[in-house]
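[1] Predicted coordinates and the sequence they were generated for:
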Amino acid sequence: MADGGVVAEFSNDPVQAEPMAPREPSGFLGWSDPALVDAARWVGEDLDAALEIARSLSPVAGALGGSTWTWLRTLASLGAGDLTVARVVEPHLDALAILDQAVQHERATDDSWPSPVPPRNSTWGVYAAHAPGKHLQAVSSGGEWTLTGSKPWCSLADRLTHAVITAHVDEHRRQAFAVDLAHNGVRVSSDPWVARGLARVRSTSITLTRVPAMPVGPPQWYLERPGFAWGGIGVAGVWFGASCALAQSVLDNAHRRDPDQLALTHLGRLDTALHTTLLSLRDAAERIDAGEARGPGGELLAARVRATSAATAELVLTETGRALGPGPLTSDEEHARRVADLTVYVRQHHGERDLARIGAQRVREPR
């Protein structure tokens, strides 16, 4: 990594079965860290190896808010290599960033909520989704907190060591808590996971029964902190990385044969969309570092970046399919899995509903 020392440390990690020859990024991946792209490709769907990458890259979480492009470039490079790996690493770094932001909040406000310190070699998820029929209640007794209830969409709950989990503390307020997932009061649902994309990243509900928990910031802090919106930009970075990898397959195909006008048109559409998204991500990183991405402005920025990256991913999936036809979808394991993974992953964007929220924010602005 040009602007960090994590990759040099990772390059000697035993996860890699053989040394990777250094190369310069090119084509649609010219922005990327080639060592991370290659490492993610090599690991693929091996969850244990992906978790080792997550542990190795833990220091990158501290770049958010100070050297944000380092954080975004890391996530995007992993997304370009393999989306299973990126899907494992992204919430791990998000959770560590949340814990770090809680420490900063405690220091800045002299808050009475002590912040948890992540144990060495721990792996983390962030479980903040809510769904009808799923309710998680936090209860305090004698200064100690426990969580009881159920939580939906808990990815890799049977593989991670810890998670930042949001729970209700009263009828109207939620709070984040750090939880040890190895506690015997945590039960992972056996519901089927039939996804064709991100098939190895099982995301089901968990049930908690009087599970000890440590507060991460005061009530509502998790939702109101600037980093809440920034985390969504990280996911957009992963989508962008995978989109670039798919577009690169179209460019590689054009290099193998004389492209006709239709092939060149596909490449032109891919290039303009990906360039726009890259500029959007770089602009977001600069604004976060400059302290210009807080409050409603930060929410609007994150919503724009996510919408831009999601639209680009949709376009890339369509253009790649038209440019390459069914061949790689039926004969190239890596390509077919990348298409399936991105199709599922980008559904985290809520399409027209998220665009309507952007419109509503603009309407609320002073004239």
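    Ah, there it is.
[2] element containing the closest residue to residue 315 other than its chain neighbours, please.
    The shortest distance from residue 315 to any non-neighbouring residue, by CB to CB, 6 or more residues apart in numbering, is to residue 273 (5.1 Å). C-beta: built from backbone N, CA, C; applies to glycine. Using DSSP states H and E, residue 273 maps to helix 261-289.
[3] Can you report how many residues lie near residue 265?
    Using other CB atoms under 10 Å, residue 265 has 14 other residues around it.
[4] Pull up the gap between it and residue 315, please.
    13 Å (CB to CB, to the nearest Å).
[5] Please apply the same query to residue 131.
    30 Å.
[6] mind listing what the spatially closest residue to residue 40 that is not a sequence neighbour touches?
    For residue 40, ignoring the flanking residues on the chain, the nearest one in space by CB to CB, 6+ apart is residue 81 at 2.6 Å. Contact analysis of residue 81 by CB atoms under 8 Å, 6 or more residues apart in numbering lists 36, 37, 38, 39, 40, 41, 241, 245.
[7] for the stretch 51-200 of the chain, what spans make up the strands?
    Ranges of strands in the stretch 51-200 of the chain, per DSSP state E, counting those that start in this stretch, are 124-127, 136-141, 144-155, 162-168, 174-180, 186-188.
[8] Now do the buried residues in the shortest one.
    Neighbour-count burial for strand 186-188, counted by 16 or more other CB atoms under 10 Å, picks out 186, 188.
[9] And residue 257, what's its pLDDT?
    What the model reports for residue 257 is a pLDDT of 89.
[10] Phi first, then psi, for it.
    phi -150, psi 160 (degrees, to the nearest 10).
[11] Quick check: it vs residue 324, distance?
    12 Å.
[12] Show me which of these two is the more surrounded one.
    Legend: neighbour count by other CB under 10 Å for residue 257 and residue 324, higher for residue 324 (20 against 8).
[13] Would you state the strands of the stretch 201-350 of the chain in chain order?
    Under DSSP E, counting those that start in this stretch, the stretch 201-350 of the chain gives strands at 203-216.
[14] low-confidence ranges in it?
    Counting by pLDDT under 70, not a single residue of the stretch 201-350 of the chain qualifies.
[15] Same check on the stretch 1-150 of the chain?
    1-25, 111-113.
[16] what about residue 70, neighbour count?
    Around residue 70 sit 21 other residues, with neighbours defined as other CB under 10 Å.
[17] Since that was my last question, I'll sign off now.
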